[in-house]
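Undergrad: Sequence first, then the predicted structure, then my questions.
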Amino acid sequence: MKAPVRVAVTGAAGQIGYSLLFRIASGDMLGPDQPVILQLLEVSPAMDALQGVVMELDDCAFPLVAGIQASDQAEEAFRDADYILLVGAKPRGPGMERKDLLEANAAIFSAQGKAMNAVASRDVRVLAVGNPANTNALIAMRNAPDLDPGRFTAMTRLDHNRALAQLSGRVGAHVNDITRMTVWGNHSATQYPDISHTLVKGSPAADQVDQAWLEETFIPTVQQRGAAIIKARGQSSAASAASAAIDHMRDWTLGTPEGDWVSMAIPSDGSYGIAEGLIYSFPVRCVNGHYEIVQGLDVDDFSRERMLATEQELTEERDAVAHLLP
Ligand SMILES: NC(=O)C1=CN([C@@H]2O[C@H](COP(=O)(O)OP(=O)(O)OC[C@H]3O[C@@H](n4cnc5c(N)ncnc54)[C@H](O)[C@@H]3O)[C@@H](O)[C@H]2O)C=CC1
Ligand SMILES: O=C([O-])CC(=O)C(=O)O
């Protein structure tokens, strides 16, 4: 058995938390030989509810759980954390866009960035799930100047998985047979799910679907899937979001499968002409605990236009929170 690692989760008594914690604890995120110490953060009024979740975690008698701490203080929850999943934030309701949450949630990520800067492990891996996820990751990153900016990421894996599911249904292939899907940009309605480089059983996906389906069905369905779930369920997606968070952290830490890649929102290094520093979703390969942007993909005019539109939205979100970016 390895030495335990410390995994902090914010919003631990919320909807996503209720799916996420049990999967982290069972080894789905970091592997069946990696014990974890869970460090759970909630706001003070939710501490009773969090205590109930902790009781349930205890009652699972998970072999990999080496400790559980619950706190309403970020500096306690983030102390020496090797992984931080920033889930705690307000979700949107019907008729809202995710960026409408910016004002309500931005302050949380600036305070939590400062707290992790002070106390987290210098090798921490951070995932922002709370919306608007990309810009919240940017706020946390900029408020944690002593940590490596490359350690700050936001979740577009749910969009990536949704794109796999939609294409799988259309071409009649299992998701396991689909590789090299890409989601570019923001976790929002401007994101660009791109199948230009995607393979189905090793052959180009673009040859197996028509342009009208791509433009009129595939892209808008993936872009609007979060809203469709809210309409159907009355609440935003939770179990699928938790599952995507597990996938994101697992692949970052343990590596992406040979020949494939995944989508992660990470600080842009200027690749594909995207402004440096924005938290933008790229195709990435992960090896030995590090991600690298897949380079050299052809970008045609159709793709370029969409990649720029979502970059533009991220620039506007960044400008709207300039006062929180030291
Ligand atoms: N990036 C993505 O793909 C997805 C992101 N989301 C976002 O994730 C966030 C959480 O969603 P749910 O779990 O459904 O919401 P929820 O409302 O069920 O849970 C959020 C929890 O966060 C807690 N919280 C609020 N402020 C906090 C703070 N400062 N510190 C610690 N905890 C805090 C609340 O008390 C609550 O228990 C929302 O912003 C939602 O929009 C949801 C689905 C997918
Ligand atoms: O749509 C929402 O507000 C929740 C979310 O981010 C998603 O399901 O992708």
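TA: All right, it came through fine. Ligands and ions are numbered 1, 2, ... in the order given.

Undergrad: Please count neighbours and contacts with C-alpha atoms only from this point.
TA: Noted.

Undergrad: Tell me what Met264 is bridged to.
TA: Judged by DSSP bridges, the bridge partners of Met264 are Phe282.

Undergrad: contacting residues for it?
TA: Applying CA atoms under 8 Å, 6 or more residues apart in numbering to Met264 gives the contacts 153-157, 248, 280-284.

Undergrad: if we go to 10 Å?
TA: Shown here is Met264, whose contacts under the criterion CA atoms under 10 Å, 6 or more residues apart in numbering are 127, 153-158, 160, 182-185, 248-249, 252, 279-285, 291, 293.

Undergrad: Show the model's pLDDT score for it.
TA: You'll see Met264 listed with a pLDDT of 99.

Undergrad: do Ala104 as well
TA: For Ala104, the model assigns a pLDDT of 88.

Undergrad: Restrict the helix or strand harbouring it to CA atoms and write it as PDB.
TA: With elements taken from DSSP states H and E, the one containing Ala104 is helix 102-119. Output for helix 102-119, consisting of C-alpha atoms alone and laid out as PDB, is shown next (Å, rounded to 0.1, in the frame of the first residue of the first chain):
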ATOM      1  CA  LEU A 102     -19.900  34.900 -11.700                       C
ATOM      2  CA  GLU A 103     -20.800  37.600  -9.200                       C
ATOM      3  CA  ALA A 104     -22.200  35.100  -6.600                       C
ATOM      4  CA  ASN A 105     -19.300  32.600  -6.900                       C
ATOM      5  CA  ALA A 106     -16.200  34.600  -7.800                       C
ATOM      6  CA  ALA A 107     -15.600  35.800  -4.200                       C
ATOM      7  CA  ILE A 108     -15.500  32.100  -3.000                       C
ATOM      8  CA  PHE A 109     -12.700  31.300  -5.500                       C
ATOM      9  CA  SER A 110     -10.600  34.300  -4.600                       C
ATOM     10  CA  ALA A 111     -10.700  33.500  -0.900                       C
ATOM     11  CA  GLN A 112     -10.000  29.800  -1.500                       C
ATOM     12  CA  GLY A 113      -7.100  30.600  -3.900                       C
ATOM     13  CA  LYS A 114      -5.500  32.600  -1.100                       C
ATOM     14  CA  ALA A 115      -6.100  29.800   1.400                       C
ATOM     15  CA  MET A 116      -4.500  27.100  -0.800                       C
ATOM     16  CA  ASN A 117      -1.600  29.400  -1.500                       C
ATOM     17  CA  ALA A 118      -1.000  29.600   2.300                       C
ATOM     18  CA  VAL A 119      -1.400  25.900   3.200                       C
END
